[in-house]
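>>> 3D model of this:
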Amino acid sequence: MSWLGAGIGAGIGLVFGGPIGAALGAWIGGSFGSGVKRVTAGAGQLGRDGAQTVFIVTLFSMLAKMAKADGQVSTAEIQLIERFIQDNLRLSAEDRKQAIKIFDNAKNDSFSIYEYAQQYHQLVRNQGMREMVYRLLFAVAYADGTLHANEEAILRRLPSYLGLSESLFAAMQAEFDRRAPAAAGSLQQHYDVLGCSPDTSDRDLKLAYRRKAAEFHPDKIAAKGLPEEFMRYAEDQMKSITVAYDTIVEARKRSVEVTS
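Presented below is the predicted three-dimensional model:
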């Protein structure tokens, strides 16, 4: 696969302004750099290849912004991103080169990570795709085993810009922080994954689980524009949804047994 070829082949002729439009222009070489116009169409109208390209450009541009959050991109941060690309995504040499180019272009543009997130929310109606961007940013932040203060600050703020529940930060942190022991509040984090609360009825809990499971089914999210190299993260999200539902159901059963 070539993201560059796919994007041009999809005719990302629906050109849009804002940070993503500028990043597309810088990446492809200026063909989008002038005369851009805003469109209100969702990414789905780009077709699968176009949606893939928008996803890739948004993700690696946001990674650049996160790496630069403390004022500059350090050698250690660059090495971390490259390890993530090589070990976690296992990109081909060509795709790695394209990803690094997007990253480098975004390091010095005038847009913030929140502007990228907000525009991606406007362009992509599918919540699963927006959660996938957030999950991947979490994966990179934890690639060195530690969530640093500047990374945490960004990850706490991003959900509102991506159109996601603010409680998603706690749920993701609990999943990625392997050092965190099981705590009394962990059940609430499972509710956060499903977008529910302890007051949600059993029936509505099952409906929420089914909606989430349908949205994150690997086949469905692939059809929305998730590149195949990222499918493992969609599968991880699907596992988190299932674990959350099963854990809550078991906890409710135990509660009934205790009170009966």
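>>> Now the element after the worst-scoring helix or strand of the chain on mean pLDDT, going C-ward?
Within the chain, judged by mean pLDDT, DSSP states H and E, the helix or strand with the poorest mean is helix 3-9; its value is a mean of 49. Remark: after helix 3-9, the chain's next helix or strand is helix 18-28, criterion DSSP states H and E.
>>> Just give me how far that following helix sits from the chain centre.
Distance of helix 18-28 from the chain centroid (CA atoms, centre = their mean, to the nearest Å) equals 19 Å.
>>> May I have the helix or strand where residue 139 lies as CSV, with CA atoms only?
Under the criterion of DSSP H and E, residue 139 resides in helix 127-141. Provided in CSV are the C-alpha atoms of helix 127-141 (Å, rounded to 0.1, in the frame of the first residue of the first chain):
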residue,chain,number,x,y,z
GLN,A,127,-16.9,7.9,16.6
GLY,A,128,-14.8,4.7,16.3
MET,A,129,-12.3,6.4,14.0
ARG,A,130,-12.0,9.4,16.4
GLU,A,131,-11.5,7.1,19.3
MET,A,132,-8.9,5.2,17.3
VAL,A,133,-6.8,8.5,16.9
TYR,A,134,-7.0,9.0,20.6
ARG,A,135,-6.1,5.4,21.4
LEU,A,136,-3.0,5.6,19.1
LEU,A,137,-1.9,8.8,20.8
PHE,A,138,-2.2,7.0,24.1
ALA,A,139,-0.2,4.1,22.8
VAL,A,140,2.7,6.4,21.7
ALA,A,141,2.6,8.3,25.0
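>>> which other helices and strands contact it?
Helix 127-141 is packed against helix 47-67, helix 113-123, helix 149-162, helix 168-176, helix 202-216, helix 218-223, helix 231-259, with contacts defined by 3 or more CB pairs under 8 Å, 6 or more residues apart in numbering; DSSP states H and E. Every C-beta, even on glycine, is put in place using the N, C-alpha and C of the backbone.
>>> Identify each buried residue in the very next helix or strand once past the first one, please.
Looking back up the chat, that one is helix 47-67. Next along the chain after helix 47-67, taking DSSP H and E as the criterion, comes helix 75-83. By neighbour count on 16 or more other CB atoms under 10 Å, the buried set for helix 75-83 is 77, 80-81.
>>> Quick check: buried residues in the helix holding residue 139?
Quick answer for helix 127-141 (16+ other CB under 10 Å): 127-141.
>>> can you check stretch 199-215 too?
200, 205, 208-209, 212, 215.
>>> again with stretch 228-238
229-230, 233-234, 237-238.
>>> and which of the residues you listed is nearest residue 162?
Nearest to residue 162 among those is residue 237, at 14.3 Å by CB to CB.
>>> any idea how far the closest one is from residue 26?
Residue 237 sits 30 Å away from residue 26, going by CB to CB, to the nearest Å.
>>> Low-confidence stretches in the stretch 1-150 of the chain?
1-16, 29-47 (pLDDT under 70).
>>> Columns pLDDT and distance to residue 192 on top of the buried residues of stretch 199-215, output as CSV?
Listed next are the buried residues of stretch 199-215 as CSV, based on pLDDT from 0 to 100; distance: CB to CB, whole Å:
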residue, pLDDT, distance to residue 192
200, 95, 12
205, 95, 13
208, 92, 11
209, 93, 13
212, 87, 12
215, 81, 16
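>>> which regions of the stretch 151-260 of the chain lie under the pLDDT threshold?
178-185, 260.
>>> for residue 215, what are its contacts?
126-128, 221 (CB atoms under 8 Å, 6 or more residues apart in numbering).
>>> which residue is nearest the middle of the chain?
residue 133 (1.2 Å; CA atoms, centre = their mean).
>>> shouldn't that one be in contact with residue 120?
Yes. Counting by CB atoms under 8 Å, residue 133 touches residue 120, with 6.5 Å between them.
>>> give me the number of residues near residue 153?
By other CB atoms under 10 Å, 11 other residues sit near residue 153.
>>> residue contacts, it?
Taking CB under 8 Å, 6+ apart as the test, what residue 153 contacts is residue 69.
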